[in-house]
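[1] Predicted model and sequence below, questions to follow.
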Amino acid sequence: MTLRVTEGEQRGWAVVRVAGEMDLVTSPVLRQRMHEAVADGRRDVVLDLSGVLFCDSSGVGVLITGRRLIRSCQGRLRIVLPAQGAEGSRPGEAGIGGGAHVNKVLGALGVRRLFDVYADVDAAVDDGAAPLPA
């Protein structure tokens, strides 16, 4: 499976929507897009990972590196990770797709607490909304 990365803007935030699988082969696409966003002057970035069905350690590495990059520019990174699976999950893996897998991986590795995680993009771009508990 491939990784699809699309960009938009909402309430002054750059919104990067990611769908597919984040692995050793595909993760560099997201890394490059995050570098481009920062190079273009974007400091407030939302990564919508609700369409990510699989994430390995290289994908987690890209998320951590992106966090470090944006923080070094005094920017803010928020991640959308629904706790439950969404449509688009692989057959036979109820509740595993749609960002829930990434949430579980980050939690298992003990790095979930590094990120401000929101249930949806609307909450992520709302400066009055609190992140979900780790």
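    Received the coordinates, thanks.
[2] What is the end-to-end distance of stretch 9-16?
    Taking C-alpha to C-alpha, to the nearest Å, stretch 9-16 runs 8 Å from one end to the other.
[3] and if you look at stretch 108-121?
    So stretch 108-121: terminal residues 24 Å apart, C-alpha to C-alpha.
[4] Centre of the chain to it, how far?
    Counting by C-alpha atoms, centre = their mean, to the nearest Å, stretch 108-121 is centred 9 Å from the centre of its parent chain.
[5] residues contacting Ala134?
    Gly107, Arg112, Arg113, Val117 (C-beta atoms under 8 Å, 6 or more residues apart in numbering). (C-beta placed from N, C-alpha, C; glycine too.)
[6] Quick check, pLDDT for it.
    If you check Ala134, the pLDDT there is 81.
[7] Helices of this structure, start to end?
    Ranges of helices in the chain, per DSSP state H, are 27-39, 57-72, 100-109, 121-124.
[8] what mean pLDDT does the last one have?
    For helix 121-124, the mean pLDDT works out to 97.
[9] Tabulate the contacts of Ala134 in JSON lines, adding columns for neighbour count, pLDDT and distance to Arg43.
    Compiled in JSON lines, the contacts of Ala134 are given as follows (neighbours: other C-beta atoms under 10 Å; pLDDT from 0 to 100; distance: C-beta to C-beta, whole Å):
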{"residue": "Gly107", "neighbour count": "13", "pLDDT": "91", "distance to Arg43": "27"}
{"residue": "Arg112", "neighbour count": "19", "pLDDT": "94", "distance to Arg43": "23"}
{"residue": "Arg113", "neighbour count": "11", "pLDDT": "94", "distance to Arg43": "22"}
{"residue": "Val117", "neighbour count": "24", "pLDDT": "96", "distance to Arg43": "19"}
